[in-house]
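Engineer: sharing a sequence plus its predicted fold:
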Amino acid sequence: MIKHYLCALMVLLSLCSVVETAFSQTDIEGQWSGEISVPGQSLGIEVNFMSEDDGLIGEISIPVQGLVDRELIELALEDATISFRIPDIPGDPSFVGELAESGDLISGTFTQAGNSLPFELRRGNPAQLARAALEGFDTVIEKALTDFNLPGFAIAIVAGGEVVYAKGFGFRDIKNELPMTPNTLFAIGSTTKAMTATVLGIFVDEGKLDWDDPLRDYLPNFTLSDPLIAVRVTTRDILSHRTGLPRHDLVWYNNNKSTREELIARFAHLELTEDLRARFQYNNMMFMTAGYLAGQLNGTSWEQAVRDKLFEPLGMTRSNFSVLDSQNDSDYSLPYRENEKYEIELIPFRNIDVIGPAGSVNSSVNEMSRWLLMNLGGGRSGDLQIINESILNEIQSPQMTTGATPGDPNVSPGTYGLGWSLDTYRGHLRVSHGGGIDGFSTSVMLFPDDDIGIVSFDNRAGGIGGTINQTAVDLLLDLKPEDHLGKALQNRKRQQAIAGEARERAGKQKIDGTQPSHELKDYAGDYFNPGYGSLAVGLNGSDLTLTFNGIVAPLEHWHYDVFSGAETDGDPTFKNVRFLFNSNLDGLIASIEARLDQAANPILFRKQPASELFDPEYLQQFVGEYAIPGVPQKVRVQLSGNELIVTIPGQPPIYLEPDLTGRFVLKQARAVSLGFEFDDDGKVSKAVLYQPGAVIDVERVAE
C-alpha cells in the first residue's frame, strides 16, 4: 500500500518554523538519512548535499521506491531553511525544512499534490547512524544473558548496506569455556524456509516454475487424503501454509530412516483439517516438499540447489545442511536446555536432515548477514543479481492471513508471505521469521523500508532473540524505547511461579484405583499407521516402553488402558502424551491411539500380527491339501510370495491375511478365519475353520 501511495504521491516537505541562525552551504554538506512519516509507517530516504563552484547541489534516494541518486532541483539554503524539489515526479514533490541549531537534524513537513507529511533527516549515512545508535548495546545483551539464563548468544545487524554490528556473547561450549563468536555455527531452524522459497523464486525467474501451476505438473506423485484438494495445490500454497494439512510433525521428527520422497507419499494417509486456502496452518512437511521440488528442478538435491543458487554466490562457505556437518567445523555451538530446576544442561543434537528444506541449515551470524544484505538490496549481492527484485518482493509480500491477534498494540495483525512472516511494528514494515530446534533458537528480522536487518541466535532455545532484536530496532529507528526485555523477564518469572502448581494440577486428571485390563505382556508388539509409520511397544521387566522414530520412552500406567509417556535420556518428546490401548472383538489388544497432532483427531496405530506370519519359509509348512467334513472336494492351501491362498475346485481363490490371533482371516469373508494346529513332532496336522457360531476341524491330507 505504501509503495503504491508514494508512486502516486512523492513527498513534499514544508518547514513548520524558522530560526534566526544563518548557515552556509558547507554546514549541510555530506550524507543525511531519515524518513517520511507516511500514514501507517515510515519511508526511508537518503539525501547527499555537495558544494560546487556555482552553489549547492544534491541527490536523493528512496530505496523502497527504486529511486536512486535522483538530482535535486531548486535547491536553496536561506538562514536555517533549506528547500528543494524532485523533478519528473507527478504531484511536484517539494522539500522545505529547518536545520536545527546543532547542525545535525533537518525537520519539517512536505507537500505533494495537496498532501502534507512530516519528515526528518539526520546527518550521516545509515551505517554511521546505526553504529552510533548501538553504542552501549553490548551491556543490554550481557544483562539479558544473565536475566534469562542463556549460555550464549550471537547477533549481527546490517544497515545502509553494511554490517554495523556482529558479536558473540557467553559460551558455545560451557564445559570447555569456549566463547561464542560471530563465526559460531548454529542450527537456524525455520528461518531456513525463506531460503527454500528464494531458491524456488530463482527457478520462477528462470522460467522453470510458475507459482500458481498445480504442483502435480512438477511432482506427478504428489497426493493428499482428499484427491480433489491434491490436484489444485500449487507451489504458492505449500509455501504459505494453506494446503489444509496440519503440522503432523511427529511423522518426520527424529526420523532418520525415511527419505523425503517416502514422507511425501504418506500425505495420502494424513488427516486434512481444513479446505485448501481456508486457513493458515503451519506445516514443515510442505516446505520439505518445496525443497524436494527445488532439487528436482535443479537436477540435484535440495542441498545442492541451495548451495548453487544461494550459498556460493553469497560466499556463505561454512553454512551447511546438517548438525553432523557442523560438528566437523572448528567453531560450532553445543545445544543446551533449562531443566525444571532452571539449571542449564547439555542435550544431544537433533538430526533433522529429512525435513531439511523447512529447517536444517546451520550458519553463523557473519554469514547470515550476507543473506540479510541480499534481501534488503533488491536481490543483489555486490555486482551479482541473485534473484529478480520483483520476485523477491513477491516472496516478501502477504499471501495468507495468519488469523493471529497481536498481543502488542504496536504490532499489526500478521500475514504470511512465501517463507516469511509479515506485519508492521510501530508503523514500520517488518519481514521476519523465527526458528527453533532442540537447543537452538533463531530470530531474523528485516525492515526493508528502513534498510535494517538483524539475525540473532541463542543456544538454549530460549526464544529471547526476537526480544533483543526488537530492542535494537527501537534504537536504530530512534523510537521511544519500549522495555521489551523487562516485560519478557516479568513474564518468565510469572511462568516459573505457576509452573510447579500447574504440574501438580495436571495429575488431578488421573483416575486413581484403576488397573490395566490385560497383563502387560499383552500390550507389547508392533503397531503401524500408514501416515506415521511404525510404533513398537516393548516389555522391559515390569515396565512398558514405547519406541517411535528411534525415540525410546517409558510408558507409565495412567488409568484403565491409558498409559502416559515419560522423559528418557533428556528427550521429552512423549512426556505427558497419553496413549490409549484398544481391544478387539476377540478380547485382544489390537490398537493404540494418541493425540500426536493437536489440530487432528487421535492417530490410530493398529497392532501387527507376528512377523513370522509374513515369512515365506515359515508359511511353507502350511502348504498342502485339507479335507472339510462333508465336502467332497479337497481344499488346497498354496503359497504366493509371502501370502497364503486357499483354492477349492470350481471357486475363485481365497486370499488369507494374518491376524492377531495367529490365524488367517479370509479376505473375502472377514468374519471367518483359518488356523493351523501342530502334532507332537511340531508338524502341521490339521487346519481349524473359525466362523460365527461354529468351529470346524479340517484334517490335513497325507501327501
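Structural biologist: Sure thing, it's come through. Everything quoted here is computed from the prediction, not taken from an experiment.
Engineer: pLDDT below threshold where in the stretch 101-250 of the chain?
Structural biologist: Applying pLDDT under 70 to the stretch 101-250 of the chain flags no residue at all.
Engineer: which stretches in it count as helices?
Structural biologist: With DSSP state H, counting those that start in this stretch as the criterion, the stretch 101-250 of the chain has helices at 126-133, 137-147, 192-205, 227-230, 235-239.
Engineer: and this protein, what are its domains?
Structural biologist: 2-124, 138-489, 520-608, 612-700 (automatic domain parsing).
Engineer: centre of the chain to the third one, how far?
Structural biologist: Okay, so that is domain 520-608. 27 Å (CA atoms, centre = their mean, to the nearest Å).
Engineer: quick check, residue 535 in contact with residue 528.
Structural biologist: Yes. With contact defined as CB atoms under 8 Å, residue 535 counts as touching residue 528 (7.3 Å). The C-beta positions use only the backbone N, C-alpha and C, and glycine is treated the same way.
Engineer: what touches both of those two?
Structural biologist: When CB atoms under 8 Å, 6 or more residues apart in numbering defines a contact, the residues bordering residue 535 and residue 528 alike are residue 605.
Engineer: and residue 447, what pLDDT?
Structural biologist: The predicted structure scores residue 447 at 96 on the pLDDT scale.
Engineer: what about it, neighbour count?
Structural biologist: When neighbours are counted by other CB atoms under 10 Å, residue 447 registers 24.
Engineer: beta-bridge partners for the closest residue to it other than its chain neighbours, please?
Structural biologist: Leaving aside its sequence neighbours, residue 447 sits nearest to residue 428 (CB to CB, 6 or more residues apart in numbering; 5.4 Å). For residue 428, the beta-bridge partners are residue 425 (DSSP bridges).
Engineer: of residue 535 and residue 528, who's got more company?
Structural biologist: When neighbours are counted by other CB under 10 Å, residue 535 and residue 528 differ, and residue 535 comes out ahead with 23 against 15.
Engineer: quick one: contacts for the more buried one?
Structural biologist: Per CB under 8 Å, 6+ apart, neighbours of residue 535: 526, 527, 528, 529, 546, 547, 548, 592, 605.
Engineer: residue 215 now?
Structural biologist: Counted by CB under 8 Å, 6+ apart, residue 215 has contacts 222, 233, 234, 235, 237, 238, 289, 293.
Engineer: count the residues that sit near the third one.
Structural biologist: Using other CB under 10 Å, residue 234 is surrounded by 20 other residues.
Engineer: dump the residue contacts of the residue nearest to the spatial centre of the chain.
Structural biologist: For the chain, the residue nearest the mean C-alpha position is residue 190 (3.5 Å; CA atoms, centre = their mean). Going by CB under 8 Å, 6+ apart, residue 190 touches 284, 358, 359, 433, 434, 435, 436, 442.
Engineer: can you select the buried ones from these in PyMOL?
Structural biologist: To isolate the buried members of the contacts of residue 190 in PyMOL, using 16 or more other CB atoms under 10 Å:
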select buried, resi 284+358+359+433+434+435+436+442
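Engineer: so which of the contacts of residue 190 comes closest to residue 347?
Structural biologist: Nearest to residue 347 among those is residue 436, at 13.2 Å by CB to CB.
Engineer: that closest one contacts residue 464, correct?
Structural biologist: No. Using CB under 8 Å, residue 436 is not in contact with residue 464; the gap is 11.5 Å.
Engineer: so what's residue 687 up against?
Structural biologist: 622, 626, 635, 637, 674, 675, 676, 677, 697, 698, 700.
Engineer: of those, just say which sits nearest to residue 485.
Structural biologist: residue 675 (69.3 Å).
Engineer: helix or strand: which one has the closest one?
Structural biologist: strand 669-678 (DSSP states H and E).
Engineer: helices or strands up against that strand?
Structural biologist: strand 664-666, strand 684-691 (3 or more CB pairs under 8 Å, 6 or more residues apart in numbering; DSSP states H and E).
Engineer: mind listing what's buried along that strand?
Structural biologist: Those would be 672, 673, 674, 675, 676, for strand 669-678 by 16+ other CB under 10 Å.
Engineer: re the thing from before, could you count how many residues lie near the residue nearest to residue 447?
Structural biologist: 22.
Engineer: could you do residue 560 as well?
Structural biologist: Neighbours of residue 560 (other CB under 10 Å): 13.
Engineer: what's the spacing between it and residue 511?
Structural biologist: 7 Å (CB to CB, to the nearest Å).
Engineer: that older thread, and the contacts of residue 535, which of them are buried?
Structural biologist: 526, 527, 529, 546, 548, 592, 605.
Engineer: could you identify the most distant pair in those?
Structural biologist: 529 and 546 (13.6 Å).
Engineer: re earlier: for the buried ones among the contacts of residue 535, give me TSV that also has distance to residue 119.
Structural biologist: As requested, those are arranged in TSV below (distance: CB to CB, whole Å):
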residue	distance to residue 119
526	70
527	66
529	61
546	63
548	59
592	65
605	63
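Engineer: among those residues, which are located in strands?
Structural biologist: Counting by DSSP state E, the buried ones among the contacts of residue 535 place 526, 527, 529, 546, 548, 592, 605 in strands.
Engineer: nearest to residue 330, of these?
Structural biologist: Nearest to residue 330 among those, with distances taken as CB to CB, is residue 548, at 35.4 Å.
Engineer: quick revisit: now, which of the contacts of residue 687 sits nearest residue 468?
Structural biologist: residue 675 (67.2 Å).
Engineer: okay, now the nearest residue to that closest one once chain neighbours are set aside: neighbour count?
Structural biologist: What sits nearest to residue 675 in space, not counting adjacent residues and going by CB to CB, 6+ apart, is residue 663, at 3.8 Å. Residue crowding around residue 663 was assessed by other CB under 10 Å; the count is 21.
Engineer: format the contacts of residue 190 as TSV; extra columns: distance to residue 377.
Structural biologist: Formatted as TSV, the contacts of residue 190 follow (distance: CB to CB, whole Å):
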residue	distance to residue 377
284	29
358	26
359	25
433	18
434	23
435	22
436	28
442	21
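Engineer: now, which of the contacts of residue 190 lie within strands?
Structural biologist: 433, 434, 435, 436, 442.
Engineer: who's in contact with residue 557?
Structural biologist: Contact analysis of residue 557 by CB under 8 Å, 6+ apart lists 515, 516, 563, 564.
Engineer: in the protein, where is pLDDT below threshold?
Structural biologist: In the chain (pLDDT under 70), the answer is 1-22, 40, 703.
Engineer: from the contacts of residue 190, pick the one nearest residue 693.
Structural biologist: residue 284 (51.4 Å).
Engineer: which two among the contacts of residue 557 are spaced furthest apart?
Structural biologist: The widest separation within the contacts of residue 557 (CB to CB) is 15.1 Å, between 515 and 564.
Engineer: who has more neighbours, these two?
Structural biologist: residue 564 (19 against 9).
Engineer: my guess is that one meets residue 556, correct?
Structural biologist: Yes. Residue 564 lies in contact with residue 556 (CB under 8 Å); the separation is 5.2 Å.
Engineer: ok so, going back, next one: phi and psi at the residue nearest to residue 675?
Structural biologist: phi -90, psi -170 (degrees, to the nearest 10).
Engineer: output stretch 238-247 as CSV, restricted to C-alpha atoms.
Structural biologist: Provided in CSV are the C-alpha atoms of stretch 238-247 (Å, rounded to 0.1, in the frame of the first residue of the first chain):
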residue,chain,number,x,y,z
ILE,A,238,2.8,-25.1,0.0
LEU,A,239,5.0,-22.0,0.7
SER,A,240,2.2,-20.1,2.5
HIS,A,241,0.9,-22.9,4.9
ARG,A,242,-2.6,-23.1,3.3
THR,A,243,-3.0,-26.6,2.0
GLY,A,244,-5.4,-27.8,4.7
LEU,A,245,-2.8,-30.2,6.2
PRO,A,246,-2.0,-29.5,9.9
ARG,A,247,1.6,-30.0,11.2
